[in-house]
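**Student:** any chance you could fold what I've pasted below:
(one chain, ligands or ions: 1)
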Amino acid sequence: MPSKPARRLLPHLSHWGAFGVRVEGGAIVGVEGHRDDPEPSPLLRNIASAAHHPSRVAQPLVRRGWLERGPGPDDRRGADEFVALPWTEALDLLARELERVRTRFGNAAIFGGSYGWASAGRFHHSQSQLHRFLNCIGGYTRSVNSYSIGASEVLLPHVVGSLGEVRLRATTWKAILEHTELIVAFGGMALKNSSVSPGGVTRHTLRGNQREAARRGLRVELFSPLRDDLAPELNASWHAIVPGTDTAVMLALAHTLVTENLHDRAFLARYTTGFERFREYLVGDKDGVPKDAEWAERISSIAASEIRALARRMAAARTLVTVSWSLQRARHGEQPVWMGIALSALLGQIGLPGGGFGHGYGSMADVGAPTVSLRLPFLPQGLNAVESFIPVARIADMLLHPGEPFDYNGQRLDYPDARLVYWAGGNPFHHHQDLNRLRRAFARPDTIVVHEPYFTAMARHADFVLPATTSLEREDFGAGNNDRYLIAMHRALDPYGEARDDYAIFRELAGRLGVEPAFSEGRSPREWLEHLYERWRMQLVERDVRVPAFAEFWANGDVELPVSSDDHTLFDRFRADPDGRRLATPSGRIEIFSERVDGFGYDDCPGHPAWLEPEEWLGGPRAKQFPLHLIANQPSTRLHSQLDAGDHSRASKIRGREPIRIHPIDAAARGIRDGDIVRVWSDRGACLAGAVLSEDVRPSVVQLSTGAWFDPEDPHTPGSLCVHGNPNTVTVDRGTSRLAQGSTGQHALVELERFDGELPPIRAFDPPGLVTAAL
Ligand code: PGD
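**Tutor:** The predicted structure is shown next:
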């Protein structure tokens, strides 16, 4: 029988790409990348299978212990059963609890940071919705900075004036292909990460650009413990560095430049400040330790001769020094970023076509893309009447140590006493470090509320689990930074079970708390989309940019936006006019030494870039007990923990466990063969993983990507083994430094052994136990 003709492709957008989706009989039957995408992301292969996966939350749930005993600390969170309630009852209860907390403890007791990537879409963006709602009821304690790039966000304003220019006006690939002769890539430029960009990406171009670079003979030097942090097409020289020691190698490169008089004195004098103070440290004037190539070899294992030869080549060629974001997601993560800038400054090529510094090529799809300098439509969040905040990665410290002081970027602040934690669009049991500590922290508050489409570990640790729609179940529009299209996101599926949009949930709560008119302004989601779009369209007219009216945009499925520049180099305008285009630093120049940072007096982030020994590295004393360095990097088959239930992600697992790559030498020493299940542990916790033997990881290094859903074997027992392979069971919950307090999840020292016991089942994707207790 001939099959029914498939319906037309509905336009949609995700952080991993724009796509069209074909639906038949209420199910997804086809997903195709955007017509203008040269290489759609493989992550699209998860979409159909994840859409109606049994791990979806189908109805509002309240934790049994909370219903029985009311709000309060409870260490059964994460191990308790849930009671299904009708929406009206669940929302009545929650509204009363919000009212209780804000009247009794004040709005600062509501922690609404709610970090996470949520879904693409400018209106239904979960955090924007949550923050707008909480601002309507008097505000909330917020979080600042991100898990992605927390150290750089705080450091770069001191060194080059802002992160914005480095992030969104990076040297374009066009300029690199035309002018760059040598790229020295610390942390590489991994293709897997370039699948995604926050808010969406239409064109995946990194592989094409790297192929073209290879064709043109551009030389690339890769410093990474992982060979595949660069595409094989690039034929890079691989320097298999000891993890966490890039700053030492960069210092030694700088040392060679300075001692061989290869540094650009004129550039340093005109565009930078503080070189002399840094030089004293570099040559060892004060501490008697020259940071020379032999010194760096002892730390990094990179041969001194290689370092010296490379420094000379860098001085002789148009060189781009790139530092991946992963390097700053580690203890003292400020240092490789600052040192990368200092090294580029010594070369004197900052602002010259294709030369200088770059941050995040291969960390995100949009770095090096042509710029589209238009502000996109967004949902206004209103004003937050509460001042208290925490650096985002200090969540467990806040919950475990209310009222205690902490340092951050020159300030001494106190942790607020958060009684109610509200999360929409994020998964701390994915993104945070030391999950056993996080479980202890999440036992503390009176109440935890989570909106989630899926039964993530965060949802399991909540008191209220409110089922949220996915973006495929609602209408929206969206675009990523510097993306060329604003994409209409058509509704493709009916809401799963009783799931509601975050907007609808907050609108109901706002009604119960007397702020509905302020929250909704009387608009339906479709009316909001039209309103936000039309307001944006009018603003564009003032900039002489014309886009069609909403109805036409919606029918077309997307609108192309004008590119403002596709051929520029970071800081070219500053180089051309350093007085007219002063940087927003105290000196107006690049600060190789920062009086301001120095004035903070932090021993873990001094006034100039420096090699600071981390607690967890192969050269330190802890390596005797934990002799393997874990790289907990971004996954290639999903986005963070999103889509882990999808077919593409699950196909990568080994007997259901997340793969861990091990060098054959380390595997042989432990009697481990390819495909064995291993137990990985540190003194924070342990998880199982499936062994993959590979010479693409350096000896003494293992690599286990983030994102396997946390699955403690016995949730009632503190510190229980994660049977699925979430690396944050073994990572350290410690800030990058007192300056940025960023996440350090990328690195940890571990040990592993073959796991010969009976394999525990994976239950992360099964819904938790439900009871039908009456209220
Ligand atoms: P996601 O898995 O994207 O992780 O951490 P993040 O919390 O962003 O979580 C988003 C959640 O939002 C998902 O559970 C998804 O189901 C939910 N969601 C999606 N759409 C909606 C919606 O419309 N409404 C609601 N209510 N929910 C929705 C990412 C973070 O992890 C990041 S950015 C980085 S860079 C860090 N990287 C590392 C690392 O390198 N190493 C370690 N060890 N740890 C890391 N953690 C960090």
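**Student:** all contacts plus neighbour counts: C-alpha atoms, from now on.
**Tutor:** Fine.
**Student:** who does the residue nearest to G671 when sequence neighbours are not counted form a beta bridge with?
**Tutor:** Closest residue to G671 apart from its sequence neighbours, by C-alpha to C-alpha, 6 or more residues apart in numbering: R754 at 7.2 Å. Counting by DSSP bridges, R754 is bridged to V678.
**Student:** contacting residues around R754?
**Tutor:** Neighbour list for R754: R670, G671, I672, D676, I677, V678, R679 [criterion: C-alpha atoms under 8 Å, 6 or more residues apart in numbering].
**Student:** which of the residues you listed count as buried?
**Tutor:** I672, D676, I677, V678, R679 (16 or more other C-alpha atoms under 10 Å).
**Student:** could you measure from the second one over to the ligand?
**Tutor:** With distances defined as C-alpha to the nearest ligand atom, to the nearest Å, the gap from D676 to the ligand amounts to 23 Å.
**Student:** which residues of the stretch 101-250 of the chain lie near the ligand?
**Tutor:** When proximity is defined as C-alpha under 6 Å from any ligand atom, the stretch 101-250 of the chain approaches the ligand at G116, W117, A118, S119, S126, Y147, S148.
**Student:** burial check on the nearest residue to the third one once chain neighbours are set aside, number of neighbours?
**Tutor:** This means A118. Distance criterion C-alpha to C-alpha, 6+ apart; nearest residue to A118, sequence neighbours excluded, is G425 at 3.9 Å. Using other C-alpha atoms under 10 Å, G425 has 21 neighbouring residues.
**Student:** A504 too?
**Tutor:** 17.
**Student:** got phi/psi on it?
**Tutor:** Taking degrees, to the nearest 10, you get phi -70, psi -40 for the backbone angles of A504.
**Student:** and it, how far from the ligand?
**Tutor:** Relative to the ligand, and taking C-alpha to the nearest ligand atom, A504 is found at 11 Å.
**Student:** residues contacting the spatially most central residue of the chain?
**Tutor:** In the chain, the residue lying closest to the centroid (C-alpha atoms, centre = their mean) is S148, at 3.2 Å. Contact partners of S148, counting by C-alpha under 8 Å, 6+ apart, are W325, S326, R329, S743.
**Student:** now, which of the residues you listed sits nearest F506?
**Tutor:** The nearest member of the contacts of S148 to F506, counting by C-alpha to C-alpha, is S743 at 30.0 Å.
**Student:** assign a three-state SS to that closest one, would you?
**Tutor:** Using DSSP: H, G, I helix; E, B strand; the rest coil, the structure places S743 in coil.
**Student:** show me the contacts for it.
**Tutor:** 147-148, 150-151, 329-330, 393, 432-433, 733-736.
**Student:** for the residue nearest to the centre of the chain, helix, strand, or coil?
**Tutor:** Quick answer, by three-state DSSP: S148 is coil.
**Student:** please apply the same query to R8.
**Tutor:** Taking three-state DSSP, the label given to R8 is coil.
**Student:** touching, it and R22? I think so.
**Tutor:** Yes: contact between R8 and R22 holds when scored by C-alpha atoms under 8 Å: they sit 6.2 Å apart.
**Student:** same drill for those two, tell me which one is more crowded.
**Tutor:** Neighbour totals were compared for R8 and R22, and R22 leads with 18 against 11 (other C-alpha under 10 Å).
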